[in-house]
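> Provided below are the primary sequence and the corresponding predicted coordinates.
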There are 2 protein chains.
Amino acid sequence: MQFFKIITLNEAMDQVMTIANTQGLESERVALLSSHGRVCSENVYSKVDIPSFDRSTVDGYAVKVKDLAGATDSIPAMLTLKGDSIMGEATCYVIESGQAMYVPTGGMLPEGADGMVMIEHTEKISEDMVLIYHPVAFGENIIYCGDDLKREQLILSHGKRVSAYDMGLLAGAGIGELSVYKKIRVAVLSTGDEIIDCNGPMNLGQIRDINGYSLAGAITALGGEVVFKDIVKDDMAALRESVNKALEMADVIILSGGSSVGTRDFTQRVIESFEGGKILVHGISIKPGKPTIVGRVQDKMIFGLPGHPTASALVFEVLVRPYMEKLSRHEAKAMEIVAKVTESVHSSPGRDTFIMVTLFKAQEGWMAKPILGKSGLISLMAGASGYIHIKSDQEGLYKEEEVVVTLFKRGEI
Amino acid sequence: MQFFKIITLNEAMDQVMTIANTQGLESERVALLSSHGRVCSENVYSKVDIPSFDRSTVDGYAVKVKDLAGATDSIPAMLTLKGDSIMGEATCYVIESGQAMYVPTGGMLPEGADGMVMIEHTEKISEDMVLIYHPVAFGENIIYCGDDLKREQLILSHGKRVSAYDMGLLAGAGIGELSVYKKIRVAVLSTGDEIIDCNGPMNLGQIRDINGYSLAGAITALGGEVVFKDIVKDDMAALRESVNKALEMADVIILSGGSSVGTRDFTQRVIESFEGGKILVHGISIKPGKPTIVGRVQDKMIFGLPGHPTASALVFEVLVRPYMEKLSRHEAKAMEIVAKVTESVHSSPGRDTFIMVTLFKAQEGWMAKPILGKSGLISLMAGASGYIHIKSDQEGLYKEEEVVVTLFKRGEI
């Protein structure tokens, strides 16, 4: 029999992230219109200057700035009009001293012009004559070619999740499709003789598969795809068969339940039963989540999470999610909110403690209400906003102490 | 000719939201596994008590509490063992005084037991005898039937977006499918003679359709579906044809560009050209976004946003997004972060001013960098985190002044 040393969360993370760095996902090309939320798998550079020509930011007249020197309401400058700039067409006129040309907002400036006068400061006195009551500075009301974006400038980095405005920027730069990582395919297996699916009749002593659905939701939120979901009895052969199927279909396998040390703990043996199957982590000094197992089979990671819903959810957040993000080279920033904790909380000496909280706004700011009590009240968990991390060398928390709450939602601030 | 009064954002919101309240979306049934992120269209009640039986929260022995009164390491209580509780099966044993039964974590308690002793405080001395070194309190280490959730208790409210943990809770309560609102079908039309799509060659004077893609992304992020996307020339007949097609396919129509008062403003005329077509809003006292038009045709809303990318995006955020959320009865809370503004900002007297900002973390906390400068730099806009709202009766902002930044992401804290 093999004995495993319980390791810290940091040590477990190091192992998992080191492996993620050697792994990778395949890419696929998607049309820009369907790219929202996908993770970019290349550096994307602009193909053009934006704008690609000198544009006016106002409705008004393109002029030579020196023609307007000293222009006032009483002594306006008088300029000769030369045609209009037509939206969407190149302007072939050239402005010379003493001339002006009407250009609408967004229109292209004629050659020779070096300023734009707003129409409010002008008066068109005939078909070919305009009075201008106000001088302008050199370059005023003009966006020059390339002012917004230069050709070959980086516009979307490898690993960035495509946002709405990224889509606008890509469109502006003439990028109609791009390379993104394929969605991570995940298999979710719930183990336990007492577990049954959400549908169908239930006998006394059985419970519904909560973890399978919570995990499926969290994976979907992360941009992954649940390709296989199964409920497996505490039976070595059945579990091996299900894991084998999962290995064929998925990039990552997540089990929950059955990872406590005990007679019904088959996860470890199943992992080791595959050729090259290796246990990497067997026990992490965190609370909840201590009996977490991490293994690797055929270059695929297998995470064995505790059966307890809160523990399973928290280990997913602090270990599996960072792994999946690293796999798609997407470094999502955790969203954090500083809040005051509504009651005192004990920590577990020597273990990193994670406590789910519900945030609410009071007069004095954000308050974090710990979800404690008899463990695993899923009705409370559904209302959780995020979690507090009490480090292993840290005492518990006092009521009203300021804490950092990591939100379950990721943001790109 | 009809003259329109420019109204405040609040007045425009009132009109739009009043209409949204009279409108509604159809519902559809979805399987729980595909429900993540959808908006629930009914109140969902639990079909069962959770747990549905009295469960142990520890590995240990089910006992009668009074049998252990005074038990210590030196004078343990000695109890007779009665079989095991089998996971997933009902326990038909009854515990009587002097008896104990082994129950694993999550297992069902036998009738008659009123406390659970952790295995750590016991010693099994023979097949049918156990010593117990520690008393327990009444109900200790037990979750009673219905402790987590009572049958008929509300577990998911009408209008809530389904989260990962909601999915777990629904599964636990035996809900395998639920009613959600159909995705809002949106048509996105970009107008302007100079606008071309993101693909294909571009002539001098033309620009790519930025707004169409930014809006499509924002709609997708919101859970909507872009069912029609078009680029339309500044031509009354062409615009009418495109809007007509949009009315057939979509629940909401969003135009951008062509809403400035001017010779090429066809949006208003097109809306009025349909039977019952009505202009509701023509000009809002906000900056940017003043030339916004809102109309209604055949019980469908048409939003005419400015052509300027920042203006179009901001009007979508402050007007269209709340409308779409109301349409699906989803009251999403805006995520707000308090930050210090990095430079002074002017406001526009009498107008609500919105300024996009990029957030970053400095030693003294969150800092908000306004995206100003020559208007509409889309390269900067792609890096925006959210916006500041300077109310119409408010002065500008001083450098280092504390401001509330509304994030583009919505959260359910």
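Sure, I can see it.

> hey, where'd the helices end up in the stretch 101-250 of chain A?
A:164-172, A:210-221, A:236-249 (DSSP state H, counting those that start in this stretch).

> Export these to a markdown table and append columns for mean neighbour count.
For every residue, glycine as well, the C-beta is placed using N, CA and C. Shown next, in a markdown table, are the helices of the stretch 101-250 of chain A (neighbours: other CB atoms under 10 Å in any protein chain shown):
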| stretch | mean neighbour count |
| --- | --- |
| helix A:164-172 | 28 |
| helix A:210-221 | 27 |
| helix A:236-249 | 17 |
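
> Make CSV from the ones you listed and add mean pLDDT and distance to B:T267 to it.
What follows is the helices of the stretch 101-250 of chain A, written out as CSV (pLDDT from 0 to 100; distance: least, CB to CB, whole Å):
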stretch, mean pLDDT, distance to B:T267
helix A:164-172, 95, 21
helix A:210-221, 96, 37
helix A:236-249, 96, 50
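
> These: which one's closest to B:R351?
helix A:164-172 (23.5 Å; CB to CB).

> any idea how far that closest one is from the chain center?
Taking CA atoms, centre = their mean, to the nearest Å, one finds helix A:164-172 lying 16 Å from the centre of the chain it belongs to.

> mind giving me the domain ranges of chain A?
According to automatic domain parsing, chain A comprises the domains A:9-26+A:184-327, A:29-50+A:149-181, A:55-143, A:334-411.

> which intervals of chain A have sub-threshold pLDDT?
A:1-3, A:258-264, A:373-376, A:410-413 (pLDDT under 70).

> do that again at 50, thanks
A:1, A:259-261, A:263-264 (pLDDT under 50).

> Contacts for stretch A:161-170 next, please.
A:32-33, A:35-40, A:44, A:149, A:155-156, A:160, A:178, A:180, A:223, A:330, A:332, A:412, B:198, B:210-211, B:213-218, B:220-221, B:309, B:313, B:378-379, B:381-382, B:384, B:408 (CB atoms under 8 Å, 6 or more residues apart in numbering or on different chains).

> which strands and helices sit next to the host helix or strand of A:Y323?
Using DSSP states H and E, A:Y323 falls within helix A:321-327. Applying 3 or more CB pairs under 8 Å, 6 or more residues apart in numbering or on different chains; DSSP states H and E, one finds that helix A:321-327 contacts helix A:9-22, strand A:252-256.

> So which of the ones you listed is the most surrounded?
Highest mean neighbour count of the helices and strands packed on helix A:321-327: strand A:252-256, a mean of 27 (counted as mean count of other CB atoms under 10 Å in any protein chain shown).

> what packs against that one?
Using 3+ CB pairs under 8 Å, 6+ apart: strand A:252-256 touches strand A:185-191, helix A:210-221, helix A:236-249, strand A:300-305, helix A:321-327.

> A:Q363: which of the ones you listed is closest?
Taking the helices and strands packed on strand A:252-256 one by one with CB to CB, helix A:210-221 is closest: 31.8 Å.

> relative to strand A:252-256, how tilted is the closest one?
Inter-element angle recorded for helix A:210-221 and strand A:252-256: 150 degrees (by axes from the mean of the first three to the mean of the last three CA atoms, to 10 degrees).

> Centre of the chain to helix A:210-221, how far?
17 Å.

> quick check: angle from it to strand A:185-191?
With the same axes, to 10 degrees defining the directions, helix A:210-221 sits at 170 degrees from strand A:185-191.

> Now do helix A:210-221: everything it contacts.
Outside helix A:210-221, the residues that touch it by CB under 8 Å, 6+ apart are A:184, A:186, A:188-190, A:198, A:225-226, A:229, A:231, A:254, A:256-257, A:305, A:307, A:309, A:312-313, A:316-317, A:321, A:324, A:378, A:408-409, B:32-33, B:36-37, B:162-172.

> Also stretch A:236-253?
Contacts for stretch A:236-253 (CB under 8 Å, 6+ apart): A:25, A:184-187, A:189, A:191, A:224, A:227-228, A:230, A:232-233, A:255, A:258, A:266-267, A:269-271, A:273-274, A:297-298, A:300-303, A:320, A:323-324, A:327.

> Pull out the buried members of these.
Buried by 16 or more other CB atoms under 10 Å in any protein chain shown: A:25, A:184-187, A:189, A:191, A:224, A:227-228, A:230, A:232-233, A:255, A:258, A:266-267, A:270-271, A:274, A:297, A:300-303, A:320, A:323-324, A:327, out of these.

> count of residues packed around A:T57?
17 (other CB atoms under 10 Å in any protein chain shown).

> so what's the nearest residue to it once chain neighbours are set aside up against?
In this structure, A:T57 finds its nearest non-sequential neighbour in A:N141, 5.0 Å apart by CB to CB, 6 or more residues apart in numbering or on different chains. Residues counted as contacts of A:N141 (CB under 8 Å, 6+ apart) are A:S56, A:T57, A:V58, A:G60, A:G115, A:M116, A:V117, A:M118.
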